[in-house]
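S.K.: Predicted model follows, preceded by the sequence.
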Amino acid sequence: MLAVAVLAAGKGTRMKSDLPKVLQPLAGATLVERVLASCERLDPQRRLLIVGHQAQRVERSLSHHGGLEFVLQEPQNGTGHAVQQLLGPLAGFEGELLVLNGDVPLLRSETLEHLLERHRSSGAAVTLLTARLTDPTGYGRVFADGSGAVSAIVEHRDCSAEQRANPLINAGIYVFDWKRLAEVLPRLTSDNDQGELYLTDTVALLQPAMHLEVEDADEINGINDRLQLAQCEGVLQERLRRHWMREGVTFVDPATCTLSDGTRFGRDVIVQPQCHFRGRVAVGEGCRIGPGCLIEDSAIGNGVELLYSVLRDVTVEDGAVVGPFAQLRAGAHIGKGARIGNFVEVKNSQLGAGVKANHLSYLGDADLGANVNVGAGTITANYDGVRKHRTVIGAASKTGANSVLVAPISLGERVTVAAGSTLTENVPSGALAFGRARQVNKLDWVGPAAAGADR
Ligand code: UD1
Ligand code: CA
């Protein structure tokens, strides 16, 4: 039997934030979500989250995660005190307890599996994850012999100068034999610089204690301040980009692009500099993205070209070309081979295959059939001040420059709208619609200036 407990009750004073530390975002997920994800593969029977500082906010943020048991730690008197709160909920539990610090978000599942295996095969009372750091400042130091047996952990602030020279640090990740831990938890004292109960002090009370050193020290980066948050973001981004480069994506200038866990690419995509992918984004094969795109929660087909554009919550079908400087907003669906040009905004609209909207337009709440040609400056006036209304434009229609289509309005197929028209009435298929004053030419007109000069 395996139980996992995540320590997430601390305030995170060093972040200087109104947000509890474990809710800080990292590549699109909160720290605590990342920590929970790292142990999913272990398939634990119990998952407990120790909450305290802004407990309700932390709980609410995880409401979509099923099967979590929230345990309140009030007040927050240290990591040992946090785990003491499990004595009730885990009374009678037999098996291992994996303890994870809520602020160590880069752990790989494989590393946790490895830790668990090591613990089970060695028969230790506790096995903890360690790393050897060139700059171990701030971390607890682990004192161990050559066989991997740990005698004690001493927090940085409680270390002597000599002890501080020890580069082996505690990652804050432990597997305990729960029954044995439960026996020693009540014996913790707050005899340390912070006057708190330290979980690390259980190690000296639990023998044999073993450690497992991680190969990639990046994995155990703890986040206490914004600098470490930025470092971890860098590590995660690097992991994501490397993964996709191995899968056949070209990044012209990788360091300038950011990805989310939910980003997927087909082969032979070329990502130009300064492109950012957030949430769930699927990009098909052979696309050319950027430079300068922001894409969030969207599906992009094959062979699509995007240039200096912002896309959120949209679908772009195969072969479409978007940008430069287009904004596609929620519910925009761009059909096959369509072209969306500069300063065109599309929202909640279906654009059929081959639609061209190349310049300076707003298409909101509209349905455009195949091959509609949207003239420069065409606007769908969708809002009457209270409600939004739809505009329908049939296939192969063409709107002239500066047309305003006042919704609700429906244009049939093969309609032509004269330039500068403001249309408020439906137009049947095949018609030419004018909605503007007729031009008047006054011949041989003498303007006031010239007239005055005559007098
Ligand atoms: C802790 C370890 C240190 C280790 C480091 C790794 C202890 C005493 N020290 O130090 O050896 O090198 O992590 O990152 O454990 N928390 C609670 N309740 C509390 C206090 C903290 O739930 O009362 C939670 C925090 O929200 C956080 C985690 O425990 O997620 C670690 O707390 P933090 O104060 O950051 O410990 P460190 O000083 O980093
Ligand atoms: Ca920490």
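M.R.: Okay, I see it. Ligands and ions are numbered 1, 2, ... in the order given.

S.K.: Low-confidence ranges, the protein, go.
M.R.: 453-455 (pLDDT under 70).

S.K.: swap the cut-off to 90 and go again
M.R.: Within the chain, the segments meeting pLDDT under 90 span 11, 28, 66, 446-455.

S.K.: the domain parsing of it - what is it?
M.R.: Following automatic domain parsing, one finds the domains of the chain at 2-226, 227-433.

S.K.: Just the closest residue of the stretch 351-455 of the chain to ligand 2, please.
M.R.: In the stretch 351-455 of the chain, no residue comes nearer to ligand 2 than residue 364, which is 47.3 Å away by Cβ to the ion. (C-beta placed from N, C-alpha, C; glycine too.)

S.K.: Could you do the chain as well?
M.R.: Closest point on the chain to ligand 2, by Cβ to the ion, is residue 222, at 4.1 Å.

S.K.: Count the residues that sit near that residue.
M.R.: Residue 222 has 18 neighbouring residues, counting by other Cβ atoms under 10 Å.

S.K.: residues in contact with it?
M.R.: Applying Cβ atoms under 8 Å, 6 or more residues apart in numbering to residue 222 gives the contacts 101, 103, 104, 138, 139, 171, 172, 228.

S.K.: Can you say which of these are buried?
M.R.: In these, burial by neighbour count holds for 101, 103, 104, 139, 171, 172, 228, counting by 16 or more other Cβ atoms under 10 Å.

S.K.: and of those residues, the nearest to residue 261?
M.R.: Distance to residue 261, by Cβ to Cβ, is smallest for residue 104 among the buried ones among the contacts of residue 222, at 17.1 Å.

S.K.: hang on, the closest one in a helix?
M.R.: No - applying DSSP: H, G, I helix; E, B strand; the rest coil, one finds residue 104 to be coil, outside a helix.

S.K.: How about the residues of this structure by ligand 1?
M.R.: Applying Cβ under 6 Å from any ligand atom, we find that the chain lies next to ligand 1 at 7-10, 22, 50, 52, 73, 76-79, 81-82, 101-104, 139-140, 153, 155, 169-172, 198-200, 222, 224.

S.K.: Out of those residues, which sit inside helices?
M.R.: In this view, the residues of the chain next to ligand 1 that belong to helices under DSSP state H are 79, 81, 82.

S.K.: okay, now residue 85: neighbour count?
M.R.: So residue 85, with other Cβ under 10 Å, has 21 neighbours.

S.K.: mind checking how far it is from residue 21?
M.R.: 18 Å (Cβ to Cβ, to the nearest Å).

S.K.: can you check residue 242 too?
M.R.: For residue 242, the distance to residue 21 - Cβ to Cβ - is 27 Å.

S.K.: which one of those two has more residues nearby?
M.R.: Between residue 242 and residue 21, counted using other Cβ under 10 Å, the more crowded position is residue 21 (25 against 12).

S.K.: contacting residues around the more buried one?
M.R.: Residue 21 neighbours (Cβ under 8 Å, 6+ apart): 10, 11, 12, 15, 31, 102, 103, 223, 224.

S.K.: My read is that the first one contacts residue 50, right?
M.R.: No - with contacts counted by Cβ atoms under 8 Å, residue 10 stays clear of residue 50, the gap being 9.4 Å.

S.K.: Which one of those two is surrounded by more residues?
M.R.: The residue with more neighbours, out of residue 10 and residue 50, is residue 50; 28 against 22, by other Cβ under 10 Å.

S.K.: CA atoms only: put stretch 155-163 into PDB for me.
M.R.: Output of stretch 155-163 as PDB, limited to C-alpha atoms (Å, rounded to 0.1, in the frame of the first residue of the first chain):
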ATOM      1  CA  GLU A 155      19.100  22.600   8.000                       C
ATOM      2  CA  HIS A 156      21.300  25.200   6.300                       C
ATOM      3  CA  ARG A 157      20.600  27.800   9.100                       C
ATOM      4  CA  ASP A 158      21.400  25.300  11.800                       C
ATOM      5  CA  CYS A 159      24.700  24.100  10.200                       C
ATOM      6  CA  SER A 160      28.200  25.000  11.400                       C
ATOM      7  CA  ALA A 161      30.600  26.400   8.800                       C
ATOM      8  CA  GLU A 162      32.100  23.000   8.400                       C
ATOM      9  CA  GLN A 163      28.800  21.300   7.900                       C
END
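
S.K.: Tell me where the stretch 1-150 of the chain has helices.
M.R.: With DSSP state H, counting those that start in this stretch applied, the stretch 1-150 of the chain shows helices at 31-38, 55-61, 79-84, 109-122, listed in chain order.

S.K.: Quick one: closest of the ones you listed to residue 192.
M.R.: Nearest to residue 192, of all these, is helix 79-84, at 10.1 Å by Cβ to Cβ.

S.K.: In PDB, could you pull the C-alpha coordinates for the closest one?
M.R.: Extracted in PDB, the C-alpha atoms of helix 79-84 (Å, rounded to 0.1, in the frame of the first residue of the first chain):
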ATOM      1  CA  THR A  79       7.300  20.300   8.000                       C
ATOM      2  CA  GLY A  80       7.400  17.800  10.900                       C
ATOM      3  CA  HIS A  81       4.300  19.400  12.300                       C
ATOM      4  CA  ALA A  82       2.700  19.100   8.900                       C
ATOM      5  CA  VAL A  83       3.300  15.400   8.700                       C
ATOM      6  CA  GLN A  84       2.100  15.000  12.300                       C
END
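
S.K.: wait, does that helix contact ligand 2?
M.R.: No - using Cβ under 5 Å from the ion, helix 79-84 never reaches ligand 2; the gap is at least 9.0 Å.

S.K.: Need the residues that contact that helix.
M.R.: For helix 79-84, the external contacting residues (Cβ under 8 Å, 6+ apart) are 5, 7, 9, 50, 52, 73, 76, 99, 101, 172, 181, 185-186, 188, 196-202.
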